[in-house]
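Peer 1: sharing a model prediction with you, sequence too.
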Amino acid sequence: MAVPLFNITPDLTVSRLCLGTMTFGEQNSLPQSFLLLDKAFNSGINFFDSAEMYVSGPSGKMTWIRGGPMCLDAGNITEAIDNSLFRMQTDYIDLYQIHWPDRYAPMFGETKYDPILQFHSIDIAEQLDALGRAVDAGKIRYVGLSNETPYGVMKFLHTAKCGPGFPKIVSLQNSYNLLCRNFDCGLAECCHHERVSLLAYSPLAMGILSGKYFSPDGGPADARLNLFEGRYSEGESRYNLSNTIVKNATKAYIDIAQKYGLHPVSLAIAFVLKHPLVASAVFGATKLWQLQQVLDACKMELNPEIIADIDKVHTTYPNPCP
């Protein structure tokens, strides 16, 4: 069974699984990465996620573009697109997304907006104008956002209607999984009415929903949270199994999978893909067997009994990893 497809736009059809490449180059070798890409493509995945920050690997500190304190002005956006095309040796990019807001906004587990932290940022019209020029030049086809808030999504959509040649936002890449459901509040309403598709990243909550970190030894030594402990500070603070509530909620979902004879990966991926606004689940894999687990998961359909059990856990532990 090939991976199902989803039409983000009439002429932008993507697989419902998107292979992310953030861990490539450190957790696996170049030949291993090629094997993963070949396997994914041959299995029907036509959607691959990459980013400028992936080039040199993740760090404990989130940087802006090209590893420095750059802003998202027209010059930087144009340079970023040109450099990405050069590195990937391609003529165009199907979907180009702003990785995170140029302005201050709560993200990566922050739940409270602090107006004191707001600073001058590049006007959204300038960002859209630069992206629109890239579309006109044939460098990119469509534009999306990532790590955005309801305000940001609507501001981009409204601004796009005001300027000639400004591209409409067609996608939003935000975290969404059994433990992190921020999207289901204001963002879901925005995306539904404005026809913006969700690309759900971290569908396995940085791997903790797979159950591998519950082994007596704390999981494989080469698992990301063990191998790079402290380097994913934003994600680690969100998906922190030393937090009793997070640990109990995660274990409860794993128990549901075991109750119905499912692999925890299957439960987690199937839950994300069941959401009507999700176009694709953006997942990571460094080994072929991990990729196969996710491929198998996209064939799953959760019955009403499983959904009822999931809802019970969510009622007990509502959104423990915002």
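Peer 2: All right, it came through fine.

Peer 1: how many neighbours does P320 have?
Peer 2: Neighbourhood size, P320 [other CB atoms under 10 Å]: 24. No exception for glycine: its C-beta is placed from N, CA and C like everyone else's.

Peer 1: cool, K299 as well?
Peer 2: Neighbours of K299 under the rule other CB under 10 Å: 12.

Peer 1: try the one 10 residues further on
Peer 2: The tally of other residues near D309 (other CB under 10 Å) stands at 19.

Peer 1: quick one: low-confidence parts of the stretch 1-150 of the chain?
Peer 2: Along the stretch 1-150 of the chain, the model assigns pLDDT under 70 to residues 1, 53-70.

Peer 1: oh, that last question was meant for the stretch 201-322 of the chain, not what I typed.
Peer 2: 219-228, 230-235.

Peer 1: helices along that one, start to end?
Peer 2: Using DSSP state H, counting those that start in this stretch, the helices of the stretch 201-322 of the chain run over residues 224-227, 233-238, 244-259, 264-274, 288-297, 304-316.

Peer 1: pick the most buried one from those.
Peer 2: Across the helices of the stretch 201-322 of the chain, averaging neighbours per residue (mean count of other CB atoms under 10 Å) puts helix 264-274 on top, at a mean of 23.

Peer 1: and that one, how far from the chain's centre?
Peer 2: The chain centre lies 15 Å from the centre of helix 264-274; the measure is CA atoms, centre = their mean, to the nearest Å.

Peer 1: contacting residues around it?
Peer 2: Contacting residues not belonging to helix 264-274 are listed as 16-17, 176-178, 200, 203-205, 209-211, 253-254, 256-258, 260, 278, 281, 283, 293-294, 296-298, 300-302, 306-307, 310 [CB atoms under 8 Å, 6 or more residues apart in numbering].

Peer 1: which stretches of the stretch 51-200 of the chain form helices?
Peer 2: 74-88, 124-136, 150-162, 186-194.

Peer 1: could you check the angle the third one makes with helix 186-194?
Peer 2: Following axes from the mean of the first three to the mean of the last three CA atoms, to 10 degrees, one obtains 20 degrees for the angle between helix 150-162 and helix 186-194.

Peer 1: for H193, see how far away V153 is.
Peer 2: To H193, V153 is 11 Å away according to CB to CB, to the nearest Å.

Peer 1: neighbour-wise, which of these two wins?
Peer 2: More neighbours surround V153 than the other of V153 and H193, with 20 against 10 (other CB under 10 Å).

Peer 1: the nearest residue to that one once chain neighbours are set aside: what's it in contact with?
Peer 2: The shortest distance from V153 to any non-neighbouring residue, by CB to CB, 6 or more residues apart in numbering, is to C190 (4.9 Å). If you count contacts by CB under 8 Å, 6+ apart, C190 has them with 150, 153-154, 157, 196.

Peer 1: how about 7 Å then?
Peer 2: Shown in contact with C190 (CB atoms under 7 Å, 6 or more residues apart in numbering): 150, 153-154, 196.

Peer 1: neighbour-wise, which of those residues leads?
Peer 2: Going by other CB under 10 Å, V196 tops the contacts of C190 with 24 neighbours.

Peer 1: for that residue, give its distance to L12.
Peer 2: According to CB to CB, V196 stands 13 Å off from L12.

Peer 1: beta partners of the most centrally placed residue in the chain?
Peer 2: Centroid check for the chain by CA atoms, centre = their mean gives Y201 as the closest residue, at 2.3 Å. Beta bridges link Y201 to S175, V282, judged by DSSP bridges.

Peer 1: state the distance from it to A74.
Peer 2: For Y201, the distance to A74 - CB to CB - is 27 Å.

Peer 1: likewise for C162?
Peer 2: C162 sits at a distance of 17 Å from A74 (criterion: CB to CB).

Peer 1: neighbour count for the two, which is higher?
Peer 2: A74 (15 against 10).

Peer 1: quick one: A40 is in a helix?
Peer 2: Yes - counting by DSSP: H, G, I helix; E, B strand; the rest coil, one finds A40 located in a helix.

Peer 1: just checking, it touches L291?
Peer 2: Yes - using CB atoms under 7 Å, A40 is in contact with L291, at 6.2 Å.

Peer 1: one step back: what distance do you get for the residue nearest to V153 to H314?
Peer 2: Applying CB to CB, the value for C190 to H314 is 22 Å.

Peer 1: ok, now N46?
Peer 2: Counting by CB to CB - N46 and H314 are separated by 32 Å.

Peer 1: over to M154?
Peer 2: According to CB to CB, M154 and H314 sit 27 Å apart.

Peer 1: over to D114?
Peer 2: With distances taken as CB to CB, D114 is found 28 Å from H314.
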